[in-house]
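>>> generate coordinates for the sequence data below:
(2 chains, ligands or ions: 1)
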Amino acid sequence: MAENRKADLLSPGNFVRIFTKSGMVLEGLILQRYEIFDPDYITLKLDNGYNIGIRIENISRIEELHGAERRHTVEFVPESFQAEVKKGKRIHILATGGTIASKIDYLTGGVTPILKTEELLEVIPELRSIADFSSEVLMSIFSENMNPARWENISKRVYELLREEPDRSILITHGTDTLGYTAAALSFSIGSPSSPIVLLGSQRSSDRPSSDSAFNLIAASLYAKEGPCEVAVVMHGESGDSYALAHRGTRVRKMHSSRRDAFQSISSIPIAKIEPRSGKITFLRDDVRKCDSVDKGKMNEEPKLKFSDKIFLLKFFPGMPGDVIDFLVEKGFKGIVIEGTGLGHVSENVIESIRNAVERGTIVTMTTQCLFGSVNLNVYSTGRLLQKAGVIGLGNMLPETAYVKLSWALGNFGEEEARNIMLRNIAGEYEERELMSFYPRWYHGEV
Amino acid sequence: MEAQNDWKKLGLRVGLEIHQQLKTSKKLFCNCPVTLVEGGMEDVFERSLRPTRSELGEVDIAAYFEWQKGRIYEYHAPREASCLVEADEEPPHMLNREAVEIALGIGMAMNSNPVDEIHVMRKIVIDGSNTTGFQRTALVALGGEINVNGKKIGIQTICVEEDAARKGEDRDRVSSYILDRLGIPLIEISTAPDIQSPEEVSEVASWIGTLLRLTGKVRRGIGTIRQDLNISIAGGEKVEIKGVQELDLLPKAVALEAMRQKRLLELREELRRRGIDKEDIIFTPVDVTNILKSSKSKVVEKNLSKPGGKALAILLKKFKGMLGYELQPNRRFGTELADYARFYGDVKGLFHGDELPGYGITEDEVRKVYDALGGDPEKDNFILIVDEEEKALKSLKAVVERIRAAFDGVPRETRAVLPDGTSKFMRPQPGAARMYPETDIPPIPVTKEILEKAKALKPPTPEEKRKYYEEHLGLSSNLAEQLVGSEQQETFERLYERLHGSVDATTIASLLLVHMISIKREGFSIEKIGEEKLFRVLELFSEGKIAKEAIPELIKLLAQRPEADPLELAQKAGLLTMSEEEVRAIVKRIIRENERIIKERGERAKSLLMGAAMKELRGKAQGSLVSRLIDEELSNYLKKQV
Ligand SMILES: [Zn+2]
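This next block holds a predicted model:
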């Protein structure tokens, strides 16, 4: 068989009969393969629904088949929900990436995200009884491709939306990897929102029945109706579907690579606990920006929506050379957030480079890679030397939050003011009191 | 039951799907051990599942109903046998190579063709038994053929898939599952519909079961093997019967399904004979709540008291007697309709004219219902559902659809087997296309290395194994055949191998297949005797410490004290073999005691002496030894006399 004819017949979308050298006769649909898959094989969808791979070299003959039809899965299309649309609280969904809902093409295995509000309400009909929804797609990126410029885009759009309609809550869907960073960014840029801003994502993609996306969206919507006027992240509170938690945007961190309850408040307590099954919300802290005491007009002030991309988040490790810091200063970085060891230390070999950096106008701040607990530069001599070199200790501010805050501070203010801002508690990024109970109880093999 | 020929005439065709757990060291997609646990620490969490939609907006109907009912799944995750993967909190790891190799090896024994590259698929299953809402499955080999008692049976596919979670207790809206079984590798073997009688189903299932066991790589015991059936008769439809666990139930389930299809075809004839048309069956529910509102029937009373509770009925003209028509023992056409009502409308059941008056509904009430429907109690029939209005309407609609389907004969259904071999409607058959790729696992090329490992695991066919036992181990053909088909076959193999030929195969096989059984028949509970103890007993025999004749005696003692050391037991019971000197002394004494007879008969007295000696020495000395010593001592004695 001519090689080009063979290649032609083997193109995705063709229904074919394949005779293999190993003696098989196979009928099915040729599917598109991912680029990372071995190019020496084709993928065939058989009549029984299974996909198999066939080595192209193993194919002796191909016949084209006709009458390719899209087979129905189970011939069941549920009736649309006729539930009354409640003209209550308005909620706007701003999509930035990741998908809340999707449809599966069972033939090709392709997954199409659902973006239209109506379609979304069709697949998650519970939303209809919560609020009156609108939605838009602002960007569609993998969360790992998020950056300060995009924080600016999102901030601008959120600011606009709140100016247009101050009482409309905003839900932002976001890939989970960097969701915490964006939450912190909005906490600073939209410092005094006129409605709740809630970020959410999903740890199990929406193309599976066990996806957590609908649960998180329902929980976030319930919270967006009643929550305080600040930025929060709403995700699963535990592995099961019993409750979700709303975390303060500056204290939340993704603590697990795959679990549903990966997002947790660190050295802090969440804003609220949400039980979607009953609709119950329990508020857990008093120091929140209650919406009824918010001056909606404040949104009209000159917004501070910019972020600097000249900030570096540097994790110190044993043996780290000081050159790294010299290099960053040379490259024009204006701010460095160090994740130091323990109470906020780095090796004495690095201190000289830090001093030079500060002298050249770089803001150098210190956080702890322990994540739990505060930096304290007074206890050990290294800490005192670092203070002397001009390093700003950031207390119990999370390293990622500190990075975002410095980016915002230097994006909108001069160096001197930025230094002051780093020390002020603007959006709950400093937890004033750390309680014994803030530290999680780990598993110690109890039986 | 009908003779072979009658099944052929009926056009019976059966395909068998065998699911068997594999004995791998780890689960299919994680490193958890393949074991079921009782007790121990566990974590508990609750989840819900939401049906996924296709491009065309379709959802799996069973999944959709489960979700609509607001089902909650409570998962128990034993720490010993489950991890984040089973909890659906971590993506699956790579497909377990060992499972693939075992499955491909089994495929080779069935002349099945391995695929070049394995793709893991997700098959939507939303009854909560999979935390993900789908079962992961992969096709590893296609085609092939087996030869069962001279008949060729085609093999369609061989798949490797993950077992589902174990069902726990249900309460109200909550179904509970235990995650230890979830992820245990299964092989699924699907035969072509080449099986033509209930007896053949048993033969094929037991042949494949034996083949699987001969790999030594499958798990044994209750729940480790499960069969599904595809059954049709001429003019009928391919109906799936799910979840047959015992081999004995297979032929019964097949015969009863064939009967059901035959009866449904007869029912269609009767409908025609009565001159009823499909178009006559229309969905026109009539509200008869008023008639029944003071009914003495407990069910009616209870359901009418629900908020929005109504009694709705539909008339079925010329249907008198048709709903009581028996399709399977104790399962009438009306029973089928009730199953549909339950599935589609989530009601508890229905009433029909052929079973009323009854269940507390009076003759007078029945007459009034007929009047309200404008029907003739002598000729017509009706269906009555009492429940919340919405549920009652949905159920009646489904019932009407099912009655209309009776005009076409047999509907395509998936049915669940019941303990007596009958079956009940489970759901309409899912399309083949409720499968989509598992994107978390890249395709696995079937390399030369994998194929070589598979080849080493390829089991012999039952016939090959029997021949081997006869020709190489010297078993009688009877014993060889018994052994191949026996649960004890693996034990035999292990014992034989551990004894390194010091005990002959026939002795081991007889112990397992003959002596053990007859000891059990005598009322001893041999189940508690571990394999290790059997090994010790055979070892004592090989060391000459006990005689072959003492083995059954020792087994009986062990049955009573399964923890005891066989050597000690033998010692206490005097079952240990005597030394040659001890035996010789006894032989000499017996010769002395029988001098008179020896003088009379000379050498011909041997058999008598042997009898007398064995009476004393049975189980304490080998017969061959006793015989030799009698020969020696008798000739000594006779020489002295000369
Ligand atoms: Zn596991």
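
>>> give me phi/psi at the residue nearest to residue A:256 when sequence neighbours are not counted?
Nearest non-adjacent residue to residue A:256, counting by C-beta to C-beta, 6 or more residues apart in numbering or on different chains: residue A:262, 4.0 Å away. The C-beta positions use only the backbone N, C-alpha and C, and glycine is treated the same way. Dihedral pair for residue A:262: phi -60, psi -30, per degrees, to the nearest 10.

>>> touching chain B at all, the helix or strand encompassing residue A:26?
Assigned by DSSP states H and E, residue A:26 belongs to strand A:25-31. Yes - Strand A:25-31 comes into contact with chain B (C-beta under 8 Å from any C-beta of the partner chain), by way of residue A:26.

>>> can you give me how far the helix or strand following that strand is from the chain middle?
The helix or strand immediately downstream of strand A:25-31 is strand A:41-46, counting by DSSP H and E. With C-alpha atoms, centre = their mean, to the nearest Å as the basis, strand A:41-46 stands 35 Å off its chain's centre.

>>> also stretch B:415-427?
Distance of stretch B:415-427 from its chain centroid, counting by C-alpha atoms, centre = their mean, is 14 Å.

>>> quick one: buried residues of it?
By 16 or more other C-beta atoms under 10 Å in any protein chain shown, the buried positions in stretch B:415-427 come out as B:415, B:417-418, B:421-427.

>>> domain parsing for the chain?
With no chain named, the answer covers chain A. Per automatic domain parsing, the domain ranges recorded for chain A read A:3-69, A:90-300, A:311-423.

>>> hmm, no, I was thinking of chain B.
As assigned by automatic domain parsing, chain B contains the domains B:7-272, B:277-406, B:460-572, B:580-641.

>>> relative to chain B, how far out is the closest residue to residue A:324 other than its chain neighbours?
Excluding the flanking residues, the one nearest residue A:324 by C-beta to C-beta, 6+ apart is residue A:314, at 6.9 Å. Using C-beta to the nearest C-beta, to the nearest Å, we find residue A:314 at a distance of 30 Å from chain B.

>>> residue A:314 - that's part of a helix, no?
No - using DSSP: H, G, I helix; E, B strand; the rest coil, the assignment for residue A:314 is strand, not a helix.

>>> any idea how far the residue in the stretch 201-350 of chain A that the ion sits nearest to is from chain B?
Proximity of the stretch 201-350 of chain A to the ion (C-beta to the ion) peaks at residue A:258, 13.1 Å away. Distance, residue A:258 to chain B, using C-beta to the nearest C-beta: 5 Å.

>>> can you tell me which residues contact the residue lying closest to residue A:266 once chain neighbours are set aside?
Among residues not flanking residue A:266 along the chain, residue A:253 sits closest, at 4.9 Å (C-beta to C-beta, 6+ apart). Going by C-beta atoms under 8 Å, 6 or more residues apart in numbering or on different chains, residue A:253 touches A:180, A:263-264, A:266, A:371, A:398, A:400.

>>> among those residues, which ones are buried?
A:180, A:263-264, A:266, A:398, A:400.

>>> list the buried residues for stretch A:370-377?
So, applying 16+ other C-beta under 10 Å, buried residues of stretch A:370-377: A:370, A:373-377.

>>> wait, isn't residue B:26 in contact with residue B:34?
Yes - taking contacts as C-beta atoms under 8 Å, residue B:26 lies within contact range of residue B:34: 6.8 Å.

>>> more neighbours, those two?
Higher neighbour count among residue B:26 and residue B:34: residue B:34, with 22 against 18, using other C-beta atoms under 10 Å in any protein chain shown.

>>> and the gap between that one and residue B:162?
11 Å (C-beta to C-beta, to the nearest Å).

>>> before we move on, what about residue A:285?
43 Å.

>>> so residue B:241 makes contact with residue B:249?
No - if you go by C-beta under 8 Å, residue B:241 and residue B:249 don't touch, sitting 10.1 Å apart.

>>> what is in contact with the two at once?
Joint contacts of residue B:241 and residue B:249 (C-beta under 8 Å, 6+ apart) are residue B:417.

>>> ok, the two, which is more surrounded?
Higher neighbour count among residue B:241 and residue B:249: residue B:241, with 26 against 18, using other C-beta under 10 Å.

>>> what about the nearest residue to the more buried one once chain neighbours are set aside, how many neighbours?
Excluding its sequence neighbours, the residue lying closest to residue B:241 (C-beta to C-beta, 6+ apart) is residue B:229, at 4.3 Å. Residue B:229 has 25 neighbours, counted by other C-beta under 10 Å.

>>> for the one 5 residues further on, same thing?
Here the number of neighbours of residue B:234 (other C-beta under 10 Å) works out to 13.

>>> wait, what's in contact with it?
B:10-11.

>>> and it, which of the three is it?
Relying on three-state DSSP, one would call residue B:234 coil.

>>> quick one: the helices in the stretch 451-600 of chain B, in order.
B:462-471, B:477-484, B:489-498, B:505-510, B:516-521, B:531-542, B:551-560, B:566-572, B:580-593, B:595-601 (DSSP state H, counting those that start in this stretch).

>>> which stretches of the stretch 301-447 of chain A have low pLDDT?
Counting by pLDDT under 70, the stretch 301-447 of chain A shows no low-confidence range.

>>> from it, which residue is nearest to chain B?
residue A:447 (5.7 Å; C-beta to the nearest C-beta).

>>> which bits of the stretch 251-400 of chain A sit near chain B?
A:258-260.

>>> nearest residue to residue A:432 in space, please, no chain neighbours.
residue A:425 (7.3 Å).

>>> need the helices for the stretch 251-400 of chain A, in chain order.
Counting by DSSP H, counting those that start in this stretch, the helices of the stretch 251-400 of chain A are A:323-330, A:348-359, A:381-388, A:399-412.

>>> wait, I meant the stretch 201-350 of chain B
B:249-273, B:289-292, B:298-304, B:333-345.

>>> out of those helices, which is the most enclosed?
When the helices of the stretch 201-350 of chain B are scored by mean count of other C-beta atoms under 10 Å in any protein chain shown, the highest mean neighbour count falls to helix B:333-345 (a mean of 22).

>>> from the contact counts, what lies against that one?
If you count contacts as 3 or more C-beta pairs under 8 Å, 6 or more residues apart in numbering or on different chains; DSSP states H and E, helix B:333-345 packs onto strand B:326-328, strand B:381-388, helix B:389-405, strand B:423-428.

>>> returning to what we had before: and the domains of chain A, which one's lowest on average pLDDT?
Mean pLDDT is lowest for domain A:3-69 out of the domains of chain A, coming in at a mean of 89.

>>> quick check, central residue of chain A?
In chain A, the centroid-proximal residue (C-alpha atoms, centre = their mean) is residue A:179; its distance is 2.3 Å.

>>> surely it touches residue A:143?
Yes - if you go by C-beta under 8 Å, residue A:179 and residue A:143 touch, sitting 6.4 Å apart.

>>> what do those two both touch?
What both residue A:179 and residue A:143 touch, as defined by C-beta under 8 Å, 6+ apart, is the set residue A:201.

>>> how far does stretch A:38-49 sit from the chain's center?
34 Å.

>>> name the residues that touch it?
Against stretch A:38-49 from outside (C-beta under 8 Å, 6+ apart): A:10, A:16, A:18, A:26-33, A:37, A:51-57, A:59, A:106-108, B:116-117, B:119, B:121, B:123, B:139, B:157, B:431-435, B:443, B:445.
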